[in-house]
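[1] This is the structure alone, sequence omitted:
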């Protein structure tokens, strides 16, 4: 179906002016791929990244969760680009969330206040950086983001804009579950002028779910902030607890709401 005629994308639009020009919201992602690794990490290490921010780590089986998402956007209202997100699972400080297992993350009863706080969000085009930084205050920077997926094998990199590499995630995924699962609506939390912003991202996709298999994260010797965040979370050399893949990703990125 032509995206222009697709009811999923037929929503009211508003225009926001940025230093790179006008941006229509919600941003429409018509066609893309999304590969996401979920890691178990120390709640203390995550809390250290949230000092003076009124959100807190979500605990899943007594551990915090870090996520590394690789996006290949082939067609969007901002043009095609790649994006890699390092984020942690969080909720507002006044609404703590504890879950028994990773299975609860895909349950329909999953709390609506559950969301992610983005620590780093490299992108491959300047317009994607400007829109993300100025509208949502996402911590974006522009760099090269080579992403390769060949059946069960994955390789994704974040290169340091100054040379070398920040990270490489590569390997063969584990046993794939027989059924695909729908992607949930996503929520991000960010800060602007000392206030929280809650942003809704409606998604339409079905994911293949597997274990991490031989996939491993290697963090480079780059001095970049993203490499430091990965080291601080003790992710170097780690394999993800879960690996989620879809090559039919569509979404709507709405304007954030202050709360």
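    That came through, no problem. Since the model is a prediction, treat every value here as computed from it, not as a measurement.
[2] So the closest residue to residue 232 other than its chain neighbours: helix, strand or coil?
    Ranked by CB to CB, 6 or more residues apart in numbering and with sequence neighbours excluded, the top spatial neighbour of residue 232 is residue 45, at 6.3 Å. For glycine as for every other residue, the C-beta is placed from the backbone atoms N, C-alpha and C. Assigned with DSSP: H, G, I helix; E, B strand; the rest coil, residue 45 falls in the helix class.
[3] got it, and residue 135?
    helix.
[4] so how far is residue 78 from it?
    11 Å (CB to CB, to the nearest Å).
[5] Name the residues contacting each of the two.
    residue 23 (CB atoms under 8 Å, 6 or more residues apart in numbering).
[6] the helices in this structure, which residues?
    Under the criterion DSSP state H, helices of the chain are mapped to 43-48, 126-131, 225-232.
[7] and stretch 147-160, average pLDDT?
    For stretch 147-160, the mean per-residue pLDDT is 93.
[8] Select the helix or strand of this structure having the lowest average pLDDT value.
    strand 181-182 (a mean of 86; mean pLDDT, DSSP states H and E).
[9] which phi and psi does residue 6 have?
    In terms of degrees, to the nearest 10, the main-chain angles of residue 6 are phi -80, psi 120.
[10] buried set for stretch 147-162?
    147, 149, 152, 154, 156-160 (16 or more other CB atoms under 10 Å).
[11] Can you measure across stretch 126-144, start residue to end residue?
    End-to-end span of stretch 126-144 (CA to CA, to the nearest Å): 12 Å.
[12] Same question for stretch 156-168.
    End to end - CA to CA - stretch 156-168 spans 6 Å.
[13] Show me the contact partners of it.
    With CB under 8 Å, 6+ apart, stretch 156-168 has contacts from 35, 68, 70, 84, 122, 141-148, 155, 169-170, 217-222, 224, 226-227, 230.
[14] buried set for the strand ranked longest in the chain?
    The longest strand of the chain (DSSP state E) is strand 27-41. Residues 27-30, 32-41 are the ones in strand 27-41 that count as buried (16+ other CB under 10 Å).
[15] Which parts of the stretch 101-250 of the chain are strands?
    115-123, 140-142, 147-150, 153-159, 165-172, 181-182, 186-192, 195-204, 206-210, 216-219, 242-253 (DSSP state E, counting those that start in this stretch).
[16] With respect to burial, which of those strands scores highest?
    Among the strands of the stretch 101-250 of the chain, strand 115-123 has the highest mean neighbour count (mean count of other CB atoms under 10 Å), at a mean of 23.
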